[in-house]
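Sequence and predicted structure, then a few things I'm wondering about:
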Amino acid sequence: MDRPVIIALDFVDGSAAQALLDQFKGESGLWVKVGMELFYREGPQFITQLRDKGYHVFLDLKLYDIPHTVHQAMQQIGRLGAELTTVTGLGGADMIHAAKEGLLEGAAEAGTKAPKLLAITQLTSMDERAMHCTMQNDEFSLLDSVVHLAQLAATSGADGVISSALEVGKIHDATPSGFLTVNPGIRLAADARDDQSRVVTPQRAAELGSDGIVVGRSITQASDPLAAYHTIRQQFEGSTVR
């Protein structure tokens, strides 16, 4: 994975997603993220269709259940040919380990490469107040929680985490070399934050050491999505990583 800009296909159905992708014809190596809304509407076959069209697919379902259930679900996800997928880090070490095993087993049975497993730390819509309102430990700051969950994920078999780019440096300091940090909450400087709390620009994400960024509305709601994508790629890929 070479520091991609991943387009979040946050649409109600496959037709709307394809209408956006039609504007990117000629772009090679395009990364796309399919989340719950689109996956639940279109089903597993949509992931296969995207893969067969040459897209790199990040399937973001944030699984969070008992280890056995997550293991069985990840067996199915491992068959689809996605390259990244997610669990919720708060599910704990056993669940993350079971997820990784399920992915490897499903991919092996399908004769395909297993997706890399990323653990969600804290959502980028979360702030200190919201975290403590969910009865998470009041003695932990939001940053403490993110770093703790990243360390837990690393020791439980995950390949990386989802976090704000603001936390990347601390995560890299606390986890093994090669442990991935993929970051949503990315906006161009002129864009609204909407429901995000911990937001950075593509350039700042690169400077902070992000391994990949996920961008939704700054591309999908732009008047010219392709131009917005090129601007974001230029900012992200043209910055010097600290």
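Yep, that arrived.

Please tell me the pLDDT value assigned to M1.
Looking at M1, its pLDDT reads 76.

Make sure G81 is indeed in a helix.
No - checked against DSSP: H, G, I helix; E, B strand; the rest coil, G81 lies outside a helix; its state is coil.

Same question for the helix or strand bottoming out on mean pLDDT in the chain: list its buried residues.
Lowest mean confidence among the helices and strands of the chain (mean pLDDT, DSSP states H and E): helix 128-133, at a mean of 77. Buried residues in helix 128-133, defined by neighbour count with 16 or more other CB atoms under 10 Å: M131. Bear in mind the C-beta positions are built from the backbone N, C-alpha and C, glycine included.

do the same with stretch 211-221
Neighbour-count burial for stretch 211-221 flags 211-220 (criterion: 16+ other CB under 10 Å).

And that stretch, end to end?
From its first residue to its last, stretch 211-221 covers 24 Å (CA to CA, to the nearest Å).

how far out from the middle of the chain is that stretch?
11 Å (CA atoms, centre = their mean, to the nearest Å).

where does this structure have low pLDDT?
135-137, 191-197, 239-242 (pLDDT under 70).

Show me what the longest helix along it is packed against.
Longest helix in the chain, counting residues (DSSP state H): helix 93-110. Applying 3 or more CB pairs under 8 Å, 6 or more residues apart in numbering; DSSP states H and E, we find helix 93-110 packed against helix 67-78, strand 84-88, strand 116-120, helix 142-155.

Could you report the neighbour count for D224?
Using other CB atoms under 10 Å, D224 is surrounded by 11 other residues.

Using CSV, write out every CA atom in the helix or strand containing L50.
Using DSSP states H and E, L50 falls within helix 44-52. In CSV, the C-alpha atoms belonging to helix 44-52 read as follows (Å, rounded to 0.1, in the frame of the first residue of the first chain):
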residue,chain,number,x,y,z
PRO,A,44,-20.8,-8.6,-1.4
GLN,A,45,-21.1,-8.8,-5.2
PHE,A,46,-20.5,-5.1,-5.3
ILE,A,47,-17.1,-5.5,-3.8
THR,A,48,-16.3,-8.2,-6.4
GLN,A,49,-17.5,-6.0,-9.2
LEU,A,50,-15.3,-3.1,-8.1
ARG,A,51,-12.3,-5.3,-7.8
ASP,A,52,-12.9,-6.8,-11.3
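
For that helix, give me every contacting residue.
The contact list for helix 44-52, computed with CB atoms under 8 Å, 6 or more residues apart in numbering, reads 14, 32, 34, 38-39, 57, 59, 76, 80-82.

right, and the helix or strand after it?
Following helix 44-52 in sequence order, the next helix or strand is strand 56-63 (DSSP H and E).

buried set for that next one?
In strand 56-63, counting by 16+ other CB under 10 Å, buried: 56-63.

Pairing-wise in the sheet, spell out the partners of G212.
Counting by DSSP bridges, G212 forms beta bridges with V182.
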